[in-house]
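*Asks:* only geometry, no sequence info:
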Ligand SMILES: Cc1cc2nc3c(=O)[nH]c(=O)nc-3n(C[C@H](O)[C@H](O)[C@H](O)COP(=O)(O)OP(=O)(O)OC[C@H]3O[C@@H](n4cnc5c(N)ncnc54)[C@H](O)[C@@H]3O)c2cc1C
């Protein structure tokens, strides 16, 4: 019986393996994934689709990682059930694997709304390397594509398809693209850049039907909008959103809300079962609540914390927050924490614009503590800002500098500057291993 079983061979799963092996070199460890590849950097699938990278260059760890860490990698197999009373998981081929400690790091799954024609050949989602491979292999003859959803995944696939010479229309339900990670002004700058690349954006709109080729030939003919307009196209990508992937645990007693509920040890409600990453509702240090914060560094860090606790060494998740950096269509954007004050009193918003350069900076404060920031096309100082935000530093004495062009560490008061320039503590169990998580995040 493997002492440790991990479902999910990605950021969270790998974080856990590394923490477990720091503490326990011997305990048997199995990692299970229904994807057939060694762990790869999921955010790079758009580069793969664009033809700019390969699986080898996307690998998150070397191919020897599993052997070197004495990990039994069970790849290409799906977990169909978790029995928390019997302490075993069941694979799709019926095999049962017992565990001493279990980590559920199953990530997210694309949400595909009910829509006539969504199961047609030529309709894709875009969250896995398999999606990118399938799409890449069928691009011959594709001239026009419709991407449903103007969020981060929609824009990433739009850029890849544009680079492949395909004319793309983005259909967005809300009034602007990237509306979850940007405010109106940020979205407007992003839209200008996307349009400059020849992409059409149809906001306030949605696709209700995907029609097939005349005569019943396989493939897509058009996307029909809610107002009846028809967009002729050869390919459709549904990129409306991603929801926690809970199919493996859906019949178990593990407590769920939108995702799996975890405490600061990343422990679930079931004994010896942990969860992390996109599937888990973990602590957000900005909002001071547990919620989904589905980004790579949070998954990795949560995995590490779960891993330590699985070995019996106590470690506390310091928290993560929503933080996105975006480098598509020549844009450089970082947005973190609160994107827009939620209407409550007490927020202060600092902004700076250099419109001719497409630069926009916004910092949201409450009681002189940074609650969120958005930097567009001038992101160099976002590392300093995120450090100040994470550490809840009182920036009252120097807040006017936060959005200044020449803001850097020397703008901070001397004592603070010294503290931030000095050696950072090394990550270890019990401490906050955020530094390492960040350094290892999305290569
Ligand atoms: C196109 C795209 C771009 C992104 N860009 C960024 C970015 O720029 N920056 C950033 O921080 N984040 C980005 N993200 C998000 C980031 O990839 C995720 O936050 C991260 O991958 C989450 O890691 P995870 O380990 O929780 O789960 P995942 O990476 O989702 O991995 C979960 C794994 O578990 C497997 N699995 C699930 N259920 C089962 C089961 N029942 N049986 C067996 N295996 C199972 C899945 O197949 C998958 O391999 C992006 C995501 C996408 C899709």
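*Replies:* Structure's in. What do you need? Just so it is clear, the model here is predicted, and its values are computed rather than measured.

*Asks:* CA atoms for contacts and neighbours, from now on please.
*Replies:* OK.

*Asks:* where exactly do the helices run in this structure?
*Replies:* Listed from the start of the chain, the chain has helices (DSSP state H) covering 11-23, 45-49, 55-58, 65-68, 129-137, 152-163, 184-196, 296-311, 382-390, 414-421, 434-440.

*Asks:* Which neighbouring elements make contact with the second one?
*Replies:* Here helix 45-49 is seen to pack against helix 129-137, helix 152-163 when contacts are counted using 3 or more Cα pairs under 8 Å, 6 or more residues apart in numbering; DSSP states H and E.

*Asks:* Identify the residues contacting that helix?
*Replies:* Residues from elsewhere that reach helix 45-49 (Cα atoms under 8 Å, 6 or more residues apart in numbering): 53-55, 127-129, 132-133, 135-136, 156-157, 159-161.

*Asks:* which among those gets closest to the ligand?
*Replies:* Taking Cα to the nearest ligand atom as the measure, the ligand sits nearest to residue 127 out of the contacts of helix 45-49, at 3.7 Å.

*Asks:* That closest one contacts residue 107, doesn't it?
*Replies:* No - distance between residue 127 and residue 107: 10.3 Å, which falls outside the contact criterion (Cα atoms under 8 Å).

*Asks:* So those two - more neighbours on which side?
*Replies:* Set side by side, residue 127 and residue 107 give different neighbour counts by other Cα atoms under 10 Å, the larger being at residue 107 (27 against 20).

*Asks:* got a list of what the more buried one touches?
*Replies:* Taking Cα under 8 Å, 6+ apart, we find residue 107 in contact with 8, 244, 245, 277, 278, 279.

*Asks:* ditto for residue 16
*Replies:* Applying Cα under 8 Å, 6+ apart to residue 16 gives the contacts 300, 303, 304, 305, 306, 307, 308.

*Asks:* Now with 10 Å, please.
*Replies:* 4, 6, 9-10, 22, 103, 105, 276, 299-310 (Cα atoms under 10 Å, 6 or more residues apart in numbering).

*Asks:* Reformat the helices and strands packed on helix 45-49 as CSV; add mean neighbour count.
*Replies:* Conversion of those to CSV gives the following (neighbours: other Cα atoms under 10 Å):
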stretch, mean neighbour count
helix 129-137, 16
helix 152-163, 23
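
*Asks:* for those helices, which one sits closest to residue 265?
*Replies:* When these are ranked by distance to residue 265, counting by Cα to Cα, first place goes to helix 152-163 at 29.5 Å.

*Asks:* ok and that closest one relative to helix 129-137, angle-wise?
*Replies:* Using axes from the mean of the first three to the mean of the last three Cα atoms, to 10 degrees, the interaxial angle of helix 152-163 with respect to helix 129-137 works out to 30 degrees.

*Asks:* about what we covered before: any chance of the helices and strands packed on helix 45-49 in TSV with distance to the ligand and mean pLDDT as columns?
*Replies:* Rendered in TSV, the data for the helices and strands packed on helix 45-49 read as follows (distance: least, Cα to the nearest ligand atom, whole Å; pLDDT from 0 to 100):
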stretch	distance to the ligand	mean pLDDT
helix 129-137	9	98
helix 152-163	5	98
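
*Asks:* any chance of those in JSON lines, plus distance to residue 122?
*Replies:* Conversion of the helices and strands packed on helix 45-49 to JSON lines gives the following (distance: least, Cα to Cα, whole Å):
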{"stretch": "helix 129-137", "distance to residue 122": "8"}
{"stretch": "helix 152-163", "distance to residue 122": "14"}
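
*Asks:* Relative to residue 178, which of these is closest?
*Replies:* For those, proximity to residue 178 was assessed by Cα to Cα; helix 152-163 is nearest, at 6.3 Å.

*Asks:* Tell me the helices and strands packed up against that closest one.
*Replies:* In terms of contacts (3 or more Cα pairs under 10 Å, 6 or more residues apart in numbering; DSSP states H and E), helix 152-163 is packed against helix 45-49, helix 129-137, strand 144-148, strand 167-171, helix 184-196, strand 235-238, strand 323-326.

*Asks:* right, so of those, which gets closest to residue 345?
*Replies:* That would be helix 184-196 among these, by Cα to Cα, at 20.1 Å.

*Asks:* And that closest one, how far out from the chain middle?
*Replies:* Using Cα atoms, centre = their mean, to the nearest Å, we find the averaged C-alpha position of helix 184-196 to lie 21 Å away from the chain's own average C-alpha position.

*Asks:* rewinding a little: just say which of the helices of the chain is most tucked in.
*Replies:* Taking mean count of other Cα atoms under 10 Å as the contact definition, the stretch among these with the greatest mean neighbour count is helix 296-311, which reaches a mean of 30.

*Asks:* is that helix up against the ligand anywhere?
*Replies:* Yes - Helix 296-311 lies in contact with the ligand when judged by Cα under 6 Å from any ligand atom; the contacting residues are 296, 297, 299.

*Asks:* what's that helix packed up against?
*Replies:* The helices and strands touching helix 296-311, judged by 3+ Cα pairs under 10 Å, 6+ apart, are strand 4-7, helix 11-23, strand 101-104, strand 273-275, strand 280-284, strand 323-326, helix 434-440.

*Asks:* Just send those back as a markdown table, with mean pLDDT and distance to residue 37 too.
*Replies:* Rendered in a markdown table, the data for these read as follows (pLDDT from 0 to 100; distance: least, Cα to Cα, whole Å):
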| stretch | mean pLDDT | distance to residue 37 |
| --- | --- | --- |
| strand 4-7 | 98 | 14 |
| helix 11-23 | 98 | 13 |
| strand 101-104 | 98 | 18 |
| strand 273-275 | 98 | 22 |
| strand 280-284 | 98 | 23 |
| strand 323-326 | 93 | 25 |
| helix 434-440 | 31 | 20 |
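
*Asks:* mind checking which of these is nearest the ligand?
*Replies:* If we rank those by Cα to the nearest ligand atom, the stretch that ends up nearest is helix 11-23, at 3.7 Å.

*Asks:* Just confirm residue 264 contacts residue 301, I think it does.
*Replies:* No - checked against Cα atoms under 10 Å, the pair residue 264 and residue 301 is beyond contact range at 11.9 Å.

*Asks:* pLDDT score for the nearest residue to residue 54 once chain neighbours are set aside?
*Replies:* Excluding its sequence neighbours, the residue lying closest to residue 54 (Cα to Cα, 6 or more residues apart in numbering) is residue 48, at 6.0 Å. Residue 48 carries a pLDDT value of 98.

*Asks:* Check the spacing between residue 48 and the ligand real quick.
*Replies:* The spacing between residue 48 and the ligand, counted by Cα to the nearest ligand atom, to the nearest Å, is 10 Å.

*Asks:* can you check residue 290 too?
*Replies:* As defined by Cα to the nearest ligand atom, residue 290 lies at a distance of 15 Å from the ligand.

*Asks:* and what of residue 28?
*Replies:* As for residue 28, its distance to the ligand is 19 Å (criterion: Cα to the nearest ligand atom).

*Asks:* And for residue 178?
*Replies:* Counting by Cα to the nearest ligand atom, the gap from residue 178 to the ligand is 13 Å.
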